[in-house]
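**Q** Give me a model of this one.
(chains A and B)
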Protein chains: 2
Amino acid sequence: MQVAVLAHEKFPERAKTAVGVLRYADYDVTAVLDRDRAGGRVNEYLPGVPDAPIVEGMEDVENADALLIGIAPIGGGFDESWREDVENALSRGCDVISGLHYFLSEDEEFVSLAAENDCELWDVRKPDEDLTVSQGIAKDVDAEVVLTVGTDCSVGKMTVSLELARAAQAQGVDAGFIPTGQTGIMIEGWGNPIDRVVSDFTAGAVEEMILEKGDEHDYLFVEGQGTIIHPAYSAVTCGILHGAMPDKLVLCHAAGREAIHGYEDFSIPPVDTYVDLYEGLAGPVHEAEVAAGALNTMEIADDGPARDAVSEYGSDLGVPATDPVRFDTEEVLEALL
Amino acid sequence: MQVAVLAHEKFPERAKTAVGVLRYADYDVTAVLDRDRAGGRVNEYLPGVPDAPIVEGMEDVENADALLIGIAPIGGGFDESWREDVENALSRGCDVISGLHYFLSEDEEFVSLAAENDCELWDVRKPDEDLTVSQGIAKDVDAEVVLTVGTDCSVGKMTVSLELARAAQAQGVDAGFIPTGQTGIMIEGWGNPIDRVVSDFTAGAVEEMILEKGDEHDYLFVEGQGTIIHPAYSAVTCGILHGAMPDKLVLCHAAGREAIHGYEDFSIPPVDTYVDLYEGLAGPVHEAEVAAGALNTMEIADDGPARDAVSEYGSDLGVPATDPVRFDTEEVLEALL
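**A** Now for the predicted structure:
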């Protein structure tokens, strides 16, 4: 499927959905829409993924079967400056894939344009109607469950889960990936958007996925969300921890991050505070240990200092650590598998 | 307003909404519907509240302006055996008040009956459309915030919050109550049903209420939900803890409870585990301390052993404790105000 990815004014640093899709999905990305960087190429900003032109808007895209909204602002609203691109896409028969809290399938104009042009509006973040409360039985599946947890939002939990699952598969290990957020769901084509379910069903929506896949694989890598000390999103983190009932945790952090992203009044405590909280909170439901660390070193230009940062992070944690995008995952996988 | 309260087969032990409404709301309860105890009186089972007859069904109720669903089964479904009572109520022009996850206002038959008879279907658990993510600013209100937290569901957190708020008011203290669940909302006539909001908005829905009332009172008593180690509902608990940003916590427990209610595989750890988790989790967002304990001694018949249980609970916690329904609240309030 040929896909155009909308990432206006945010590509690539603040466009984690766009980057995730470019890096991991099977789509053929034919263009990235970013009016601030129009005329450039994806690989100028993001090496190591299939290249594509960066364009001003949908009218400059030649081939596409779908437009995918590749940015997710705080609050998940729809930016009216994107309306023209969505209109253009629907008018020429492209589907539109969105992970916003604002549902395109409830926007009257988009609904009627989609009907006229026989295309689909896929709101990835719209949860199934039949979700319910957790039964507390995720611990009973055959697979060992590995959950990524974080010191903050946007530190790379999805990326770490995907990289580790793929590295495990490359070793011949039967490993599955459980998506819990819009980007993971777009990449995999299925999954429950945990941050959008009714709060009482948070753990239940994760449990349902673990039960569905847990006897098919030897290992499940579950995408974590947020952080347990997030002033706004900790509920989601806590529900995933108890719903997934992981055996092992990978603590993810971004090098140099000192305060909660977007909530700068709240500083990030030492890593052992997180270890105590995640393990302490998991324990009474299902014992889990922080068995590895993952450090996002994107902000560190050179490999030498990045390696030093990873090794310092690992020794702070007292467990093997890596940046799985940049360095190898051997030691970390050994601790997890 | 004259109200009939539906509590079939569950009054009073497993009908916490019915009991809460009888004990704290300003409604004139004219009957309780419980087909298992029809012919009895409320006071036979629940002393200390206004008395009323217990009847078989709505057809035996003489006077009522509304029927209130006073039970909340796990999962929050609608029991079809109640349909006749709701039909009867609507047919005679009574409003129906419900805190179920199943919305009566989305049931076609009820909607058309309500329209025909000009009555209202109030789904207390249906959240406002305009809720959003927390801004992380509940800490900035003038009021001191006291949150009840629990070792389990159904240990009496709402009751404790209401009793302490009333006892504080009786001392001349300007104290408000923040309802977070269906019963509290029914009693107060306003509030956000936190277990029913989108999980990303859990903290935000609490924060909104704190901001609304926080400069009107000197103290706010916030109704907690669930427990931080609940296999299904911990997300709600965690979101309330971070959204309310309490200064002080009251740890609520039910005497003799050894496992999580309805999830008997999960045992209740020692109280200091809870103290560490609640304080540890609150700390990085806003410092809070467990300053008092509340023990629900409903299952202990005699006052002597109940007093002993309270005093043991207090000494385990190392802070003043009481059962605010049964004993005085002086010492506990001193620790909180």
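
**Q** Was I right to think A:His8 contacts A:Pro73?
**A** No. Applying Cβ atoms under 8 Å as the test, A:His8 and A:Pro73 come out as separate, 10.6 Å apart. For every residue, glycine as well, the C-beta is placed using N, CA and C.

**Q** Comparing the two, which residue is more hemmed in?
**A** A:His8 (22 against 13; other Cβ atoms under 10 Å in any protein chain shown).

**Q** Roughly how far does that one sit from B:Pro47?
**A** 66 Å (Cβ to Cβ, to the nearest Å).

**Q** near chain B, which residues of the stretch 151-300 of chain A show up?
**A** By Cβ under 8 Å from any Cβ of the partner chain, the residues of the stretch 151-300 of chain A that approach chain B are A:194-204, A:228-239, A:241-243, A:245, A:263, A:265-267, A:269, A:273, A:276-277, A:280-281, A:283-285.

**Q** Narrow these to those in strands?
**A** A:Tyr263, A:Asp265, A:Phe266, A:Ser267 (DSSP state E).

**Q** that older thread, what subset of the residues of the stretch 151-300 of chain A next to chain B is buried?
**A** Among those, those classed as buried by 16 or more other Cβ atoms under 10 Å in any protein chain shown are A:194-204, A:228-239, A:241-243, A:245, A:263, A:266, A:273, A:276-277, A:280-281, A:284-285.

**Q** what's the farthest-apart pair in the ones in strands among the residues of the stretch 151-300 of chain A next to chain B?
**A** A:Tyr263 and A:Ser267 (9.9 Å; Cβ to Cβ).

**Q** what do A:His8 and A:Pro73 both touch?
**A** A:Asp79 (Cβ atoms under 8 Å, 6 or more residues apart in numbering or on different chains).

**Q** before we move on, the earlier item: would CSV of the ones in strands among the residues of the stretch 151-300 of chain A next to chain B with pLDDT be doable?
**A** Below are these laid out as CSV (pLDDT from 0 to 100):
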residue, pLDDT
A:Tyr263, 97
A:Asp265, 96
A:Phe266, 98
A:Ser267, 97
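
**Q** Name the nearest of those residues relative to A:Gln2.
**A** A:Tyr263 (38.0 Å).

**Q** That closest one contacts B:Lys139, correct?
**A** No. Counting by Cβ under 8 Å, A:Tyr263 does not reach B:Lys139; the two are 11.9 Å apart.

**Q** Break down chain A into its helices, ranges please.
**A** Under the criterion DSSP state H, chain A carries helices at the ranges A:16-24, A:42-45, A:83-91, A:108-117, A:157-170, A:182-188, A:202-213, A:234-244, A:271-282, A:303-317, A:330-336.

**Q** okay, now A:Gly224: neighbour count?
**A** Count around A:Gly224 with other Cβ under 10 Å applied: 30.

**Q** Phi and psi next, for it.
**A** Dihedral pair for A:Gly224: phi -80, psi 170, per degrees, to the nearest 10.

**Q** Over to the one 5 residues further on?
**A** Here is the backbone geometry of A:Ile229 (degrees, to the nearest 10): phi -110, psi 30.

**Q** which other residues reach stretch A:308-316?
**A** By Cβ under 8 Å, 6+ apart, the residues outside stretch A:308-316 that reach it are A:253, A:255, A:270-272, A:293, A:295, A:297, A:300, A:320-323, A:327.

**Q** So A:Val155 versus A:Glu258, what's the distance?
**A** Taken as Cβ to Cβ, the span from A:Val155 to A:Glu258 is 13 Å.

**Q** Neighbour count: these two, which is higher?
**A** With neighbours defined as other Cβ under 10 Å, A:Val155 and A:Glu258 compare such that A:Val155 has more, 27 against 9.

**Q** right, and the more buried one touches A:Asn296 too?
**A** Yes. Counting by Cβ under 8 Å, A:Val155 does reach A:Asn296; the two are 5.4 Å apart.

**Q** between the two, what contacts are shared?
**A** By Cβ under 8 Å, 6+ apart, A:Val155 and A:Asn296 have these common neighbours: A:Cys252, A:His253, A:Ala254.

**Q** contacting residues for the second one?
**A** When you say that, I think you mean A:His253. Contacts of A:His253 (Cβ under 8 Å, 6+ apart): A:Gly150, A:Thr151, A:Asp152, A:Val155, A:Val271, A:Gly293, A:Ala294, A:Leu295, A:Asn296, A:Tyr313.

**Q** Return the members of these classed as buried.
**A** Here, 16+ other Cβ under 10 Å leaves A:Gly150, A:Thr151, A:Asp152, A:Val155, A:Val271, A:Gly293, A:Ala294, A:Leu295, A:Asn296, A:Tyr313 buried among the contacts of A:His253.

**Q** Of those residues, just say which sits nearest to chain B.
**A** A:Thr151 (10.2 Å; Cβ to the nearest Cβ).

**Q** How about the contacts made by A:Asn63?
**A** Counting by Cβ under 8 Å, 6+ apart, A:Asn63 makes contact with A:Gln2, A:Thr30.

**Q** ok, A:Leu333 - how many residues close by?
**A** For A:Leu333, the count of nearby residues is 22 (other Cβ under 10 Å).

**Q** do the same with A:Glu216
**A** By other Cβ under 10 Å, the residues close to A:Glu216 number 12.

**Q** Okay, it and A:Ile178: tell me how far apart.
**A** For A:Glu216, the distance to A:Ile178 - Cβ to Cβ - is 11 Å.

**Q** okay, A:Thr329: pLDDT?
**A** pLDDT for A:Thr329: 98.

**Q** For it, which non-adjacent residue is spatially closest?
**A** A:Ala167 (4.4 Å; Cβ to Cβ, 6 or more residues apart in numbering or on different chains).

**Q** hmm, back to that, so which of the helices of chain A gets nearest B:Glu163?
**A** Closest among the helices of chain A, using Cβ to Cβ: helix A:234-244, at 26.8 Å.

**Q** Phi, psi for A:Val325 please.
**A** The phi and psi torsions at A:Val325 (degrees, to the nearest 10) take the values phi -80, psi -30.

**Q** Low-confidence stretches in the stretch 101-250 of chain A?
**A** For the stretch 101-250 of chain A, no stretch is flagged by pLDDT under 70.

**Q** excluding its backbone neighbours, what's nearest A:His286?
**A** Once flanking residues are discounted, A:His286 sits nearest to A:Met245: 4.0 Å by Cβ to Cβ, 6+ apart.

**Q** Pull the contacting residues for A:Ala31.
**A** Here A:Ala31 is in contact with A:Ala4, A:Val5, A:Ala52, A:Pro53, A:Ile54, A:Val55, A:Asp60, A:Val61, A:Glu62, A:Ala64 (criterion: Cβ under 8 Å, 6+ apart).

**Q** Quickly list the domain ranges of chain A.
**A** A:2-123, A:138-336 (automatic domain parsing).

**Q** want to try JSON lines for these, with distance to B:Val222 as columns?
**A** Conversion of the domains of chain A to JSON lines gives the following (distance: least, Cβ to Cβ, whole Å):
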{"stretch": "domain A:2-123", "distance to B:Val222": "24"}
{"stretch": "domain A:138-336", "distance to B:Val222": "15"}
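
**Q** Which of these sits closest to B:Tyr24?
**A** Per Cβ to Cβ, nearest to B:Tyr24 of the domains of chain A: domain A:138-336, 23.1 Å.

**Q** Please identify the deepest-packed of the domains of chain A.
**A** domain A:138-336 (a mean of 22; mean count of other Cβ atoms under 10 Å in any protein chain shown).

**Q** how long is that one from one end to the other?
**A** By Cα to Cα, to the nearest Å, the extent of domain A:138-336 from end to end equals 19 Å.

**Q** Closest to the geometric centre of chain A, which residue is that? Let me know.
**A** A:Met158 (3.9 Å; Cα atoms, centre = their mean).

**Q** Relative to chain B, how far out is the residue lying closest to that residue once chain neighbours are set aside?
**A** Spatial nearest neighbour of A:Met158, excluding adjacent residues (Cβ to Cβ, 6+ apart): A:Glu223 at 4.7 Å. Taking Cβ to the nearest Cβ, to the nearest Å as the measure, A:Glu223 falls 15 Å from chain B.

**Q** contacting residues around A:Glu223?
**A** When contacts are counted by Cβ under 8 Å, 6+ apart, A:Glu223 is found next to A:Thr148, A:Lys157, A:Met158, A:Ser161, A:Leu162, A:Phe177, A:Ile178, A:Pro179, A:Thr180, A:Gly181, A:Gly184.

**Q** Thanks a lot, catch you later.
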